[in-house]
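Asker: Quick one, fold the following:
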Amino acid sequence: MRETTTAPPLAWSRAFPATPAQAREARRFLAAILDGHATTDDAVLCLSELATNATVHSQSRSPGGHFTVRAELQGDRLRVEVQDEGGPWIWPRRDGELHGRGLLIVGQLSRTWGRTGDSATGWTVWFEMDTP
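Answerer: A predicted model of the protein is given here:
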């Protein structure tokens, strides 16, 4: 009988001050991790949407606030999480508004996405992508 072993995931985490300029730094952080992988552009765009949401819509935008990016590669799966400092949840918009469609973009580009947490302790919004 052949035994199958699974390598432990590769994981990275970094906190960023919740400012628009730091959303750019978060994109650079993930791009460096993925280092030109086939899914890099889509993953960086999805992260950009989540980081922007954290800096614009959550309590992270308060003075001294931050958001944390976690990325994990395991086998052919990438999982990226953005944790903020809470606040009311804003659902994606489907009407003609120019704003509020970031999560719709994440939903289109990722295999799956979701959120955990609450408005008091903070939200973690995540997405997963296949990395063939």
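
Asker: can you list contacts of the helix or strand encompassing residue 52?
Answerer: Following DSSP states H and E, one finds residue 52 within helix 40-57. With contacts defined as Cβ atoms under 8 Å, 6 or more residues apart in numbering, helix 40-57 is touched by 16, 18-20, 22-23, 26-27, 30-31, 34, 60-61, 67, 69, 78, 80, 82-84, 87, 90, 102-103, 105-106, 109-110, 113, 125, 127, 129. The C-beta positions use only the backbone N, C-alpha and C, and glycine is treated the same way.

Asker: which element follows that helix toward the C-terminus?
Answerer: According to DSSP H and E, the helix or strand after helix 40-57 is strand 66-74.

Asker: List the strands paired with the helix or strand following that next one, with their directions.
Answerer: Using DSSP H and E, the next helix or strand after strand 66-74 towards the C-terminus is strand 77-83. Here strand 77-83 has these sheet partners by DSSP bridges: strand 66-74 (antiparallel), strand 122-130 (antiparallel).

Asker: can you put these in a markdown table and add mean neighbour count and mean pLDDT?
Answerer: As requested, these are exported to a markdown table (neighbours: other Cβ atoms under 10 Å; pLDDT from 0 to 100):
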| stretch | mean neighbour count | mean pLDDT |
| --- | --- | --- |
| strand 66-74 | 19 | 96 |
| strand 122-130 | 20 | 96 |
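
Asker: May I see the ones you listed organised as a markdown table, with distance to residue 10 added?
Answerer: As requested, the strands paired with strand 77-83 are exported to a markdown table (distance: least, Cβ to Cβ, whole Å):
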| stretch | distance to residue 10 |
| --- | --- |
| strand 66-74 | 5 |
| strand 122-130 | 15 |
